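A.B. asks: need coordinates for the below:
(chains A and B)
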Amino acid sequence: MESLLNRYRGLTVLLVVLFAQLILVAYQVKTDHDVRLIRVWAVSTMLPPARLLAAVRTATTQFFSNYFLLVGAKEENRRLTAELDKLKLENRYLRSELGTAERAGPLSMFQASIPSATVAARVIGAGSGVNARAVFVDRGSSSGVKAGMAVITPDGVVGKVTAAYPSASQVLLIIDQGFSAGVVSAKEHVEGIVKGRGGPECRVAYVRNDEKIAVGEWFYTSGEDRIFPRGLPVGRVKSVGGDKVYKEIVLAPSGMARGLEEVLIVTGAVHQSIPDEQPATATAPLLPPPITQAPAAAPAEGQPAKPASLGTDADRLLEQYKKRAQSRGGAYGDNPEGLKPAEPSGGSGQAPARGATPAVKPPVSPSPPKPDAAKP
Amino acid sequence: MTEFSDTVLWAGRGRQKRLRIHAWVMLLFALAAILFQAYAPLYLSVLSYIELPLLLTVYLAMTGRSQVAGIFMGAGIGLAQDALSHDPLGVLGIVKTLTGYAAASLGVRLDTDNFLIRFGLGFLFFVCHEVLHWVLRRALLGEAVSIGILSTFLAGVVNGALAVLLFHLLDKLRENG
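C.D. replies: Got it, this is the predicted structure:
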């Protein structure tokens, strides 16, 4: 028997184990009771590794989640940065365009107001060389620009085109020593030739000593050089000196007074008249001094009160009364026969004395001057 | 016996003698397999078709070549699986006990280093395991469970292929250990 068990030991053990498990299952099914102890052991054994596994899984999931989140954030950051850069560039471009439009406004108004045909151009570069006073503009022969054409701004003469390329032109500035143009003074119409000095100022040459030129006087193009149309402002006299024959007139050129960014190239010159006064665009016109209300002198007995100004409706009405009285051969305030004198507003019943203040009284204090009255 | 069958049945015996698995390594592998079986399908339901504890039981029983060891190994793994399930204790224990005994019995007769043999054993043991489990649940527990023939067959193929990979990996671990 023992040898039999040893020979079939494996099978015997198998049967025993199977039987034990069958009993276990049968017990659980029959009594509907669980073998809690074995489950507790199993769960207690499996729980720590399971927790560890879950923790590792959670950590791994969070790591990759955060990683991909960061990758997304990085990508979004890169996209937003690129968008911000683009918007910055666009903003800068729009600001530049706005500035250009603001500058081009007066230029286009001036362009429309002058009779000469012009082409607007933008200064895109300076000429090479230390002493060269030349710039490049973005209009060339394809826009009708030719060498020798005048270059101006609303403030005055800037220079002239020395070379025209297909899409750009070189402009010799008025302050260059090689520049010259015929000019004429505003008051006495003294003619001369403006030349550059290489600095910020110009000089007017060939003006004789006996000519009258005052400091502050304006010079305009004379049109004699056949380049610049007559009547363009050139500059204002800064100082006047001279030798025995010719005056030494230093001129402050007005064309570049407000910088040099947009210019007009005169493609079809038309002469203008020389204005007698300072060009309107050179500087802002100054308003006349405000009218101060002087203490009104007491009107003499029998004389109507003289209005301080004619700026109000009352003044004009008073003036009309005076004219009407003069047209009837009388004076203002004399009531013709047959007419009842005007009742005073106080209603006292007493007739007004001759020469008393009329019904339309002059204003006690004049109204502020109207804008058109302020113009010089 | 033919020359081929001699090769298949006896060629691996000498090598297997040299390879011994420490008890703690077996325990560790068993824990890992049960953990995998208990928790992996929670996150990927397809993994429920992989019966890793069964494959490990087969491998350990075959390499141990001891029927008694295979019986207790199978019973232990099966009872642990039962403990982690909602079924009464002993159902999977009986199935794994029989599997361990059969694997240990075959391990001393077959060349378990052969990939084809390993695939066949993996497939065969999986199908038998599923059928036996189905029978026990119907017979002992009275549950009206069904078994899908095609799904069981396909799962058997997958487990056979996995057995080839797993047994090879475990061989490497044993040789390095």
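
A.B. asks: contacts and neighbour counts: CA atoms only from here.
C.D. replies: OK.

A.B. asks: surely residue A:248 is in contact with residue A:241?
C.D. replies: Yes - when contacts are counted by CA atoms under 8 Å, residue A:248 is listed as touching residue A:241 (4.6 Å).

A.B. asks: out of those two, which sits in the more crowded spot?
C.D. replies: Between residue A:248 and residue A:241, counted using other CA atoms under 10 Å in any protein chain shown, residue A:248 has the larger neighbour count: 18 against 11.

A.B. asks: and the pLDDT for that one?
C.D. replies: We have a pLDDT of 86 for residue A:248.

A.B. asks: got phi/psi on it?
C.D. replies: Dihedral pair for residue A:248: phi -110, psi 100, per degrees, to the nearest 10.

A.B. asks: check the one 5 residues further on too.
C.D. replies: Reported as degrees, to the nearest 10, the phi and psi values for residue A:253 are phi -60, psi 140.

A.B. asks: burial of residue B:74, as a residue count?
C.D. replies: Counted with other CA under 10 Å, residues neighbouring residue B:74 total 30.

A.B. asks: isn't it up against residue B:102?
C.D. replies: No - with contact defined as CA under 8 Å, residue B:74 does not count as touching residue B:102 (10.2 Å).

A.B. asks: can you tell me how far residue B:60 sits from residue A:191?
C.D. replies: Shown here: residue B:60 relative to residue A:191, a distance of 121 Å by CA to CA, to the nearest Å.

A.B. asks: tell me which of those two has more neighbours.
C.D. replies: Between residue B:60 and residue A:191, counted using other CA under 10 Å, the more crowded position is residue B:60 (26 against 22).

A.B. asks: for chain A, see how far away the more buried one is.
C.D. replies: 16 Å (CA to the nearest CA, to the nearest Å).

A.B. asks: so which strand or helix has that residue?
C.D. replies: When secondary structure is defined by DSSP states H and E, residue B:60 falls within helix B:52-64.

A.B. asks: who's in contact with that helix?
C.D. replies: Around helix B:52-64, the neighbours that count as contacts under CA atoms under 8 Å, 6 or more residues apart in numbering or on different chains are B:16, B:19-21, B:26, B:29-30, B:33-34, B:36-37, B:67, B:69-70, B:73-74, B:77, B:96, B:99-101, B:103-108, B:112, B:122, B:125-126, B:159, B:163, B:167.

A.B. asks: which members of these are classed as buried?
C.D. replies: In these, burial by neighbour count holds for B:16, B:21, B:29-30, B:33-34, B:36-37, B:67, B:69-70, B:73-74, B:77, B:96, B:99-101, B:103-108, B:112, B:122, B:125-126, B:159, B:163, B:167, counting by 16 or more other CA atoms under 10 Å in any protein chain shown.

A.B. asks: and chain A, which of those contact it?
C.D. replies: Of the entries in those, the ones placed beside chain A under the rule of CA under 8 Å from any CA of the partner chain are B:67, B:101.

A.B. asks: in strands, which of the buried ones among the contacts of helix B:52-64 appear?
C.D. replies: Of the buried ones among the contacts of helix B:52-64, none are assigned to strands by DSSP state E.

A.B. asks: the buried ones among the contacts of helix B:52-64 in helices, which ones?
C.D. replies: The subset of these located in helices under the criterion DSSP state H comprises B:16, B:29-30, B:33-34, B:36-37, B:67, B:69-70, B:73-74, B:77, B:96, B:99-101, B:103-107, B:122, B:125-126, B:159, B:163, B:167.

A.B. asks: could you give the separation of the helix holding residue B:60 from the chain centroid?
C.D. replies: For helix B:52-64, the gap between its own C-alpha mean and the chain's C-alpha mean amounts to 4 Å (CA atoms, centre = their mean, to the nearest Å).

A.B. asks: kindly report the same for stretch A:109-116.
C.D. replies: Per CA atoms, centre = their mean, the centroid offset for stretch A:109-116 relative to its chain is 21 Å.

A.B. asks: only C-alpha atoms, please: export that stretch in CSV.
C.D. replies: Only the C-alpha atoms of stretch A:109-116 are listed here, as CSV (Å, rounded to 0.1, in the frame of the first residue of the first chain):
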residue,chain,number,x,y,z
MET,A,109,-3.7,119.6,-49.8
PHE,A,110,-0.8,121.6,-50.9
GLN,A,111,-0.4,119.5,-54.0
ALA,A,112,-4.0,120.2,-54.9
SER,A,113,-3.7,123.9,-54.3
ILE,A,114,-0.7,124.7,-56.4
PRO,A,115,-1.1,125.0,-60.2
SER,A,116,2.0,123.0,-61.0
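
A.B. asks: now that stretch: average pLDDT?
C.D. replies: Averaged over stretch A:109-116, pLDDT sits at 73.

A.B. asks: wait, isn't residue A:21 in contact with residue B:90?
C.D. replies: Yes - under the criterion of CA under 8 Å, residue A:21 lies in contact with residue B:90, with a separation of 5.0 Å.

A.B. asks: between those two, who's got more neighbours?
C.D. replies: Counting neighbours by other CA under 10 Å for residue A:21 and for residue B:90 shows that residue B:90 has the greater number, 28 against 21.

A.B. asks: that one and residue A:39: what is the separation?
C.D. replies: Counting by CA to CA, the gap from residue B:90 to residue A:39 is 11 Å.

A.B. asks: quick check: residues of chain B near chain A?
C.D. replies: Looking at chain A, the residues of chain B close enough under CA under 8 Å from any CA are B:31, B:35, B:39, B:67-68, B:71, B:75, B:80, B:83-84, B:88-91, B:93-94, B:97-98, B:101, B:140-141.

A.B. asks: grab the longest helix from chain A for me.
C.D. replies: In chain A, taking DSSP H as the definition, the longest helix is helix A:36-113.

A.B. asks: need the contact list for the residue lying closest to residue B:136 once chain neighbours are set aside.
C.D. replies: In space, not counting the residues next to it along the chain, residue B:136 is nearest to residue B:91; the distance is 6.7 Å by CA to CA, 6 or more residues apart in numbering or on different chains. By CA under 8 Å, 6+ apart, residue B:91 lies in contact with A:21, A:25, B:78, B:79, B:82, B:133, B:136, B:137.

A.B. asks: from those, which is closest to residue A:161?
C.D. replies: Closest approach between the contacts of residue B:91 and residue A:161, by CA to CA: residue B:82, at 101.9 Å.

A.B. asks: wait, doesn't that closest one sit right on residue B:94?
C.D. replies: No - when contacts are counted by CA under 8 Å, residue B:82 is not listed as touching residue B:94 (10.2 Å).

A.B. asks: look at these two and report which has more neighbours.
C.D. replies: residue B:94 (28 against 20).
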